[in-house]
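Undergrad: Sequence and predicted structure, then a few things I'm wondering about:
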Amino acid sequence: MLHDDNVIRSNSCWHLMPMLEDGDNLRSSDLGTKLADSFSKVRSLCMKDNEMESSSSGIIYLGMDAPELPLAEISLALKLSSRPMILDNATTIDHGRPYAYMNPTSDGGYGMICLPMHTDSSVFDGVRWSNPLTAISQLKVLSDHGMNIKIGSLMEDIDEPQDLIELAKRLCMRRSSVKSESKRNQSNNDNDKGFVQSKDALHISPAEKIPKLDQSLDCPHTFEACLETGIITRVKNCDHKVLYRLSNKYRKIM
């Protein structure tokens, strides 16, 4: 049904929120105005329905093309935006203010941002959208607002056909490696490790312990979609073990 504040309620947990109208221009680059409008609406909705406390919860913007972002990191972003960051020695940082959390992308933008509920919606003003400096300019605005900021792992956007092929290739490599390593790691799984395993500075996990979630696989729906569309195929090696690889059609494109 249509809610009083123009929010369509599908059930008690999910709300469909129409995008701020911009005439007939669906290609408008004024993303900041739309984000600010939706931020204010979500905050009002949460406060009205008493689903979150306005002073201690976070709001996440997550790109649709983020199938590789671990659920554990999304959970961590909400955790840091909702309360002070606790270090191993149980001391708080910066008098207990919550954190804004951002995941930059390799093309200069960002794929996820999580903001504390009390954040002023003007944090989206002045950002250079669809620009190699999008993430940098967003960080500058957050800094100007005096916010604590935590940078998450580097993400890869899925904007072009070639990006999808590269995604499928990464999924194949990880799925195959997970199958071969799962038995070895099952008996001594270390839940204290970071959500990413890379020496890249943008991939180093924070000191905060992450939730105990399955971090070994990416979005299963994305992987299954790649299988159903024939981008990824199943093959068996000489030991009759199932592996995954790009189909020949897409291997030729690379």
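TA: Received it, and whenever you're ready, just let me know what you need.

Undergrad: use CA for all of it now, contacts and neighbours both
TA: Noted.

Undergrad: What sits closest to residue 115 if chain neighbours are left out?
TA: Nearest residue to residue 115, sequence neighbours excluded (CA to CA, 6 or more residues apart in numbering): residue 100, at 4.8 Å.

Undergrad: can you check residue 219 too?
TA: Looking at residue 219 with CA to CA, 6+ apart, the closest residue is residue 67, at 5.2 Å.

Undergrad: Quickly find the element holding that neighbour.
TA: Using DSSP states H and E, residue 67 sits within no helix or strand.

Undergrad: Model confidence score at it, please.
TA: Residue 67 carries a pLDDT score of 85 in this model.

Undergrad: before we move on, what about residue 114?
TA: pLDDT, residue 114: 96.

Undergrad: distance of it from residue 168?
TA: From residue 114 across to residue 168, the span is 27 Å (CA to CA, to the nearest Å).

Undergrad: same deal with residue 229?
TA: To residue 168, residue 229 is 11 Å away according to CA to CA.

Undergrad: So between those two, which is more surrounded?
TA: Looking at residue 229 and residue 168 with other CA atoms under 10 Å, you find the greater number of neighbours at residue 168, namely 23 against 9.

Undergrad: my guess is the more buried one contacts residue 230, does it?
TA: No. The pair residue 168 / residue 230 is not scored as a contact, 10.5 Å apart, by CA atoms under 8 Å.

Undergrad: one step back: what helix or strand is the residue nearest to residue 115 located in?
TA: Residue 100 is part of strand 99-104, with elements assigned from DSSP H and E.

Undergrad: Alpha carbons of that strand, as PDB, please.
TA: Output of strand 99-104 as PDB, limited to C-alpha atoms (Å, rounded to 0.1, in the frame of the first residue of the first chain):
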ATOM      1  CA  TYR A  99      32.200   6.000  11.900                       C
ATOM      2  CA  ALA A 100      31.300   6.700   8.300                       C
ATOM      3  CA  TYR A 101      32.400   3.600   6.200                       C
ATOM      4  CA  MET A 102      33.200   3.700   2.500                       C
ATOM      5  CA  ASN A 103      34.300   1.100  -0.100                       C
ATOM      6  CA  PRO A 104      36.100   2.800  -3.000                       C
END
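
Undergrad: now for that strand, which elements pack on it?
TA: Contacts defined by 3 or more CA pairs under 8 Å, 6 or more residues apart in numbering; DSSP states H and E place strand 99-104 against helix 71-82, strand 110-116, strand 148-151.

Undergrad: That one pairs with which strands, and in what direction?
TA: Here strand 99-104 has these sheet partners by DSSP bridges: strand 110-116 (antiparallel), strand 148-151 (parallel).

Undergrad: Contacts for the longest one, please.
TA: Just to be clear, that refers to strand 110-116. In this structure, residues lying in contact with strand 110-116 by CA atoms under 8 Å, 6 or more residues apart in numbering are 55-63, 65-66, 77-78, 81-82, 98-105, 134-135, 155, 157.

Undergrad: Quick one, which of the strands paired with strand 99-104 gets closest to residue 163.
TA: Proximity to residue 163, assessed across the strands paired with strand 99-104 by CA to CA, is greatest for strand 110-116 (14.5 Å).

Undergrad: Send me that closest one as CSV with only the CA atoms.
TA: As requested, the backbone C-alpha atoms of strand 110-116 are provided in CSV (Å, rounded to 0.1, in the frame of the first residue of the first chain):
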residue,chain,number,x,y,z
TYR,A,110,32.7,4.1,-4.4
GLY,A,111,30.4,1.0,-4.2
MET,A,112,29.2,1.3,-0.6
ILE,A,113,28.9,4.0,1.9
CYS,A,114,27.4,3.6,5.4
LEU,A,115,26.6,6.7,7.4
PRO,A,116,25.5,7.2,11.0
